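Visitor: Any chance you could fold what I've pasted below:
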Amino acid sequence: MSAGLFGLLDDVAALARLAAASVDDIGAATGRATAKAAGVVIDDTAVTPQYVHGIAAERELPMIKRIALGSLRNKLLFILPAALLLSQFVPWLLTPILMIGATYLCFEGAEKVVGRLSTKGSDDAHAAPTTAVGEDAEKQMTSGAIRTDFILSAEIMVIALNEVADEPFVPRLIILVVVALVITVAVYGVVAAIVKMDDVGLALTQRTSQFAQKIGRGLVVGMPKLLAALSVIGTVAMLWVGGHILLLGTDTLGWHAPYGFVHHLEEGVRLAAEGVGGLLAWLVNTGFSAVIGLVVGSLVVAIVHVLPFGKKH
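Guide: The predicted structure is shown next:
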């Protein structure tokens, strides 16, 4: 009887060790998957504050909350089941889908670059209203933000899924749920902080402390510059992530020359520069990926504007 008990305890201990190892594996895989999607996350964070521009201060956080819930619904109820079904039954479709999404990212990034270089920038054409908006307009803006988020969320989830495609089904599900929750909280937590920072600054300017007033004025003056910087960072992130996905995708599908060239150059830089070789190699890869993204995106922009539905009248 005691032998059976000790055998059972050994089995329980073995299962506990296995479960602990599985948790560690899931945690590590979740970290990798989240890091891979970082470029799109940056763009998502940069885009969303534009939707609450012109909204009354007391409505900003409720609106961000609705967008965040819509984003979570997009990820968990629509994108996640579809992505899991694809990875389970037709995993070979993941790379083409990733490349289609990457091409869209390149298009969006290139269109912003073209808009900035032209006399009429696309950012100005699509800017949110600068005056206070009504309830109906707020609902429309929220719906528009959730639709835009759907595209970015789909790309985030597919990138994350591609990183953990070899995991068993249940760990894969857990990882993607955690990625969805972490990214949504991170993105919209940062967005909420950004859009309320000018209000915090304004409140500080009304304090009696000169130090607080100085910080407040700095926040009020600095927030437009931060939003402008986020817009630039978001554009670069789209081109970089999109180009990098296309670079890896062409290699996976059998066209090895582009990836082989960049990889060879990257390794040469890594070996030549001691100490900072890793950083320089990453910059080489990132730079080439961004150039690829800009070239592909510019071609798509040109094609779209030639097509009848892309022409501006």
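
Visitor: List phi and psi for His256.
Guide: For His256, the backbone dihedrals are phi -90, psi -10 (criterion: degrees, to the nearest 10).

Visitor: For burial, what's the neighbour tally of it?
Guide: For His256, the count of nearby residues is 12 (other CB atoms under 10 Å). Any C-beta I mention is one placed from the backbone N, CA and C, and that applies to glycine too.

Visitor: quick one: contacts for the closest residue to it other than its chain neighbours?
Guide: Among residues not flanking His256 along the chain, Thr250 sits closest, at 7.9 Å (CB to CB, 6 or more residues apart in numbering). With contacts defined as CB atoms under 8 Å, 6 or more residues apart in numbering, Thr250 is in contact with Met99, His256, Pro258, Tyr259.

Visitor: Model confidence at Thr250, what's the number?
Guide: Confidence at Thr250, expressed as pLDDT, is 93.

Visitor: likewise Trp92?
Guide: With respect to pLDDT, Trp92 scores 85.

Visitor: does it count as helix, strand or coil?
Guide: Following DSSP: H, G, I helix; E, B strand; the rest coil, the label given to Trp92 is helix.

Visitor: how much space is there between it and Leu294?
Guide: 29 Å (CB to CB, to the nearest Å).

Visitor: which one of the two has more residues nearby?
Guide: Between Trp92 and Leu294, counting by other CB under 10 Å, Leu294 is the more crowded of the two (22 against 9).

Visitor: which residues touch the nearest residue to the more buried one once chain neighbours are set aside?
Guide: Leaving out its chain neighbours, the residue that sits closest to Leu294 by CB to CB, 6+ apart is Leu239, at 5.3 Å. Counting by CB under 8 Å, 6+ apart, Leu239 makes contact with Leu105, Cys106, Gly109, Ala110, Val113, Ser289, Ala290, Gly293, Leu294, Gly297.

Visitor: In CSV, list these along with distance to Leu204 and pLDDT.
Guide: Below are the contacts of Leu239 laid out as CSV (distance: CB to CB, whole Å; pLDDT from 0 to 100):
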residue, distance to Leu204, pLDDT
Leu105, 38, 83
Cys106, 41, 90
Gly109, 36, 86
Ala110, 40, 91
Val113, 36, 89
Ser289, 41, 92
Ala290, 38, 92
Gly293, 40, 94
Leu294, 40, 95
Gly297, 41, 94
